[in-house]
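> model this:
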Amino acid sequence: MTMGEILVEIMAAERGQSFRKPGLLVGPFPSGAPAIFIDQVARLGHDAAIIGCVGDDDFGWLNIERLRRDGVDTSAIAVLEAAVTGSAFVTYDKTGERHFIFNITNSASARLSPEYVGTPLLEDCTHFHVMGSSLFSPGLREAMARAIQIVKGQGGRVSFDPNIRRELLGIPEMREALTSILKQTDVFLPSGDELTLLVEARTEGEAVEELLGLGIREIVIKQGSRGCAYYDARRRLSVPALTVAEVDPTGAGDCFAATYVTCRHRGMAVEPSLRYACASGARAVMSTGPMEGTAGLADLDALLARGEPTTEAGHD
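I've put the predicted structure just below:
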């Protein structure tokens, strides 16, 4: 299970296009980091569910219908009549760098609070995934803490993807929430320099040692075009990215994390889990739209069968 923001994404049709003048747009696409993550889990054939809030509008129902179609249990998504579903408008500059205009803090997702957490669905949860991007409101932070307490209390595991902008760490409550979650994390999935965001250490090796000292069992560093690196108390592994043509990178990191967590939850060894995760991240960047590149196991097997490592496809 996971919990957090559910929104739609609408993007500029061409690179270099600006929202400061009229232009063609593509979308809406179902989106939100937790929603992308859980959709990928379901695409792999695993039981999956999400706790969230959407407005009683077309954007909200677009997300619910997509998640249901892919096998996600949406019974814990509240449809709020007095709120609107969140949105993200995206432009790409000539280099492919993304720029976002978000409506999340005033959306239905911001109304998620602890009252939505105490469900029978969560009490059956054996693995809970946290996205740092979902901690943008006090109610959500409290809800996340409650969910983690329930899952850990019944012997479940927690995975954590920081997915947070560095400037938000200046908010004392945000850093406190992230640090608290980190101490309860079993599988940590940072991207690049997020490895050192929440620790005193500044180098990769020192940060890994500090994180493992907190009780984290597995650290998987998403390294974009370089693939990924893995650490636990005994070893370090590195797996390269795959050869694909990148169309849209949004959601690739969420697909990567979902695939790694699902493979490990099913008892798969670390190295093949990392390879499937890299394939999932690569598969995600091949489609326009953050959730359009989610894939089943057969899709990932087909991509892996090509067997060509490269530095072209990322999954930050």
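
> quick one: contacts of stretch 285-298?
9, 11, 26-27, 29-31, 35-36, 39-40, 43-45, 66, 70, 244-252, 254-255, 276, 279-280, 283-284, 303, 313-315 (CB atoms under 8 Å, 6 or more residues apart in numbering). All C-beta atoms are positioned from the backbone trio N, CA, C, and that covers glycine.

> Any idea how far apart the tips of that stretch sit?
End-to-end distance for stretch 285-298, by CA to CA, to the nearest Å: 17 Å.

> State the mean pLDDT of that stretch.
The average pLDDT for stretch 285-298 rounds to 94.

> Quick check: buried residues in it?
Using 16 or more other CB atoms under 10 Å as the burial criterion, the residues of stretch 285-298 that qualify are 285, 286, 287, 289, 290, 291, 292, 293, 294, 295, 297.

> part of a strand, is residue 238?
Yes. Counting by DSSP: H, G, I helix; E, B strand; the rest coil, one finds residue 238 located in a strand.

> Can you check the pLDDT for it?
pLDDT, residue 238: 93.

> Do I have it right that it meets residue 221?
No. Residue 238 lies out of contact with residue 221 (CB atoms under 8 Å); the separation is 9.5 Å.

> Now list whatever residues contact both of those two.
Common neighbours of residue 238 and residue 221 (CB under 8 Å, 6+ apart) are 228, 229, 230.

> Any idea how many residues pack against the first one?
It refers to residue 228. Neighbours of residue 228 under the rule other CB atoms under 10 Å: 24.

> before we move on, what about the last one?
Neighbour count for residue 230, taken as other CB under 10 Å: 19.

> Which helix or which strand is home to it?
With secondary structure defined by DSSP states H and E, residue 230 is part of strand 228-231.

> how far out from the middle of the chain is that strand?
17 Å (CA atoms, centre = their mean, to the nearest Å).

> Need the residues that contact it.
Contacts with strand 228-231, where a contact means CB under 8 Å, 6+ apart, come from 208, 212, 218-223, 236-239, 256, 270, 274, 277-278, 315.

> again, but for stretch 10-27
Outside stretch 10-27, the residues within contact range by CB under 8 Å, 6+ apart are 8-9, 28-29, 87-94, 96, 101, 248, 288-289.

> Can you turn the buried part of these into a PyMOL selection?
Buried residues among these (16+ other CB under 10 Å), as a PyMOL selection:
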select buried, resi 8+9+28+29+87+88+89+90+91+92+248+289
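
> Looking only at neighbour counts, state which of residue 238 and residue 221 leads.
More crowded of residue 238 and residue 221, by other CB under 10 Å: residue 221, with 22 against 12.

> From residue 295, how far out is that one?
Computed as CB to CB, to the nearest Å, the residue 221 to residue 295 distance reads 22 Å.
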